[in-house]
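Enquirer: got a structure for you, letters missing:
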C-alpha cells in the first residue's frame, strides 16, 4: 500500500509543470517519438515544411559556443510521420547554399517545398541571402528560381507563408543589421516578386526579424508574434506584440488584449505551427538568463506551450500531458496530420558558470491538441 501511494504521488508530481499547474490531457499531449533512420544532426535554425505525411527539413547551423565555430548546413532530410523514419535525401540539382534562419513553405498541389533567404553569420557580421529555391518531392530535385522582377533585399529571419499560388514574405534583418517590416508577394505562376507594403510604411508592425508565426492563414488572416527589433542605440530588443494581416486588403491590425489574454513575458526564437484556427508556440528565449559557458550573450530557453486562438484573439498557456519536452530555442515546428512536430534547436544549462552549456536537441517531438 505504501509503495502504491508513493508511486501515485510520484506520478502526480511528474505532471506538475512550471507555475505549479497540473498537466491535463484536455490541453493536448506531448510525445517524444521513437524514430529511426538518419535523423537531423546537431543544429539550430533550420527550416521545415510538410507535404502530406512527409516533413522536409533543410539546413541550419551548428553554432558551437564551446569552440566559437559556426558550421552551416545544406542537407535535406525527410521524416515520415506514419513510420517514424528519417531519411537523408540526395536530390538532383542544387543544392541551395548552406544557411540558417531561412524560411520555407510547401505547396501541396504541386508537391514542392520553397526555401528563401536566411544566411551565414559570425559574431560580427551577417551575410544574408535573397535566393529562392524549389524542391520537387516527386522528382527529388532542387531548382533555383530566377524571378522576372527584382527580388526582396537579402535578409535573414523573415516570415514566409503560402496562399494559393502566392508566397508572402514579411520582415527580416539585413547585412547592415537593419530590421525590416516590408511585405512582398511572389507569384508562382508569373514568376514575379511584387512589393505590397514598403519598409517603414505607416500601419505596419514595427520592423523585426525572427518573428514567430504559424506558417498558414486562418480565414484569410495571417498572425505573427514577437521577434526582435533593433532600437536607436543598436541593441536587440525582444518584442511582445501580436499582429494580424488581412491578406486580401493588405491591412495590418495590432491585437489588443483584456487582462489575462496576452502572452508574457516576451520571447523570441520560439517555434510555431498552425492547426485549425489555433497558432501554437513552443519555447523560445525569455529575458534574462546566463551568459556563461562560452555563450556570447545571455541564454534563457523555456519549454512553455502557448495557444493563440486566431478568431477569438486570445492567448492561453497550456499544460499538456504526456512526455516531458526540453527547453528549446532556435528549433523548428511544422504542422502535419493534425499535430505539431518539433525538431532541432538547443537548451542552455550553465548554473553558476558550470556547464554543459548548450544541450542539443536530437529528439523529435509531436504535440497533439
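Expert: Looks like it arrived, so ask away. Everything numeric here is computed off the predicted structure, so don't read it as measured data. Residues are numbered from 1 along each chain as shown.

Enquirer: Show me the shaky parts of the stretch 51-200 of the chain.
Expert: By pLDDT under 70, the stretch 51-200 of the chain contains no weakly predicted segment.

Enquirer: now do 80
Expert: 123 (pLDDT under 80).

Enquirer: all strands of it, in order?
Expert: 54-64, 69-80, 85-88, 103-107, 112-116, 119-121, 126-128, 132-136, 141-145, 159-163, 166-173, 179-187, 192-197 (DSSP state E, counting those that start in this stretch).

Enquirer: Between strand 166-173 and the fifth one, find me the angle.
Expert: I take that to be strand 112-116. If you take axes from the mean of the first three to the mean of the last three Cα atoms, to 10 degrees, strand 112-116 sits at 30 degrees to strand 166-173.

Enquirer: helices or strands up against strand 112-116?
Expert: For strand 112-116, the packing partners by 3 or more Cβ pairs under 8 Å, 6 or more residues apart in numbering; DSSP states H and E come out as strand 47-51, strand 54-64, strand 103-107, strand 132-136, strand 159-163, strand 166-173. Glycine gets a C-beta too; all of them are placed from N, C-alpha and C.

Enquirer: That one - which strands sit beside it in the sheet, and in what orientation?
Expert: strand 103-107 (antiparallel), strand 132-136 (antiparallel) (DSSP bridges).

Enquirer: would TSV of the strands of the stretch 51-200 of the chain with distance to residue 237 and mean neighbour count be doable?
Expert: Output for the strands of the stretch 51-200 of the chain, formatted as TSV (distance: least, Cβ to Cβ, whole Å; neighbours: other Cβ atoms under 10 Å):
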stretch	distance to residue 237	mean neighbour count
strand 54-64	21	23
strand 69-80	24	18
strand 85-88	37	15
strand 103-107	22	22
strand 112-116	25	25
strand 119-121	19	21
strand 126-128	17	18
strand 132-136	30	21
strand 141-145	34	16
strand 159-163	18	21
strand 166-173	13	25
strand 179-187	10	21
strand 192-197	22	16
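
Enquirer: With respect to residue 267, which of these lies nearest?
Expert: For the strands of the stretch 51-200 of the chain, the distance to residue 267 is smallest for strand 159-163, at 15.6 Å, taking Cβ to Cβ.

Enquirer: Now do that closest one: which elements does it pack against?
Expert: Here strand 159-163 touches strand 103-107, strand 112-116, strand 166-173, going by 3+ Cβ pairs under 8 Å, 6+ apart.

Enquirer: what about 6 Å?
Expert: Counting contacts by 3 or more Cβ pairs under 6 Å, 6 or more residues apart in numbering; DSSP states H and E, strand 159-163 is packed against strand 103-107, strand 166-173.
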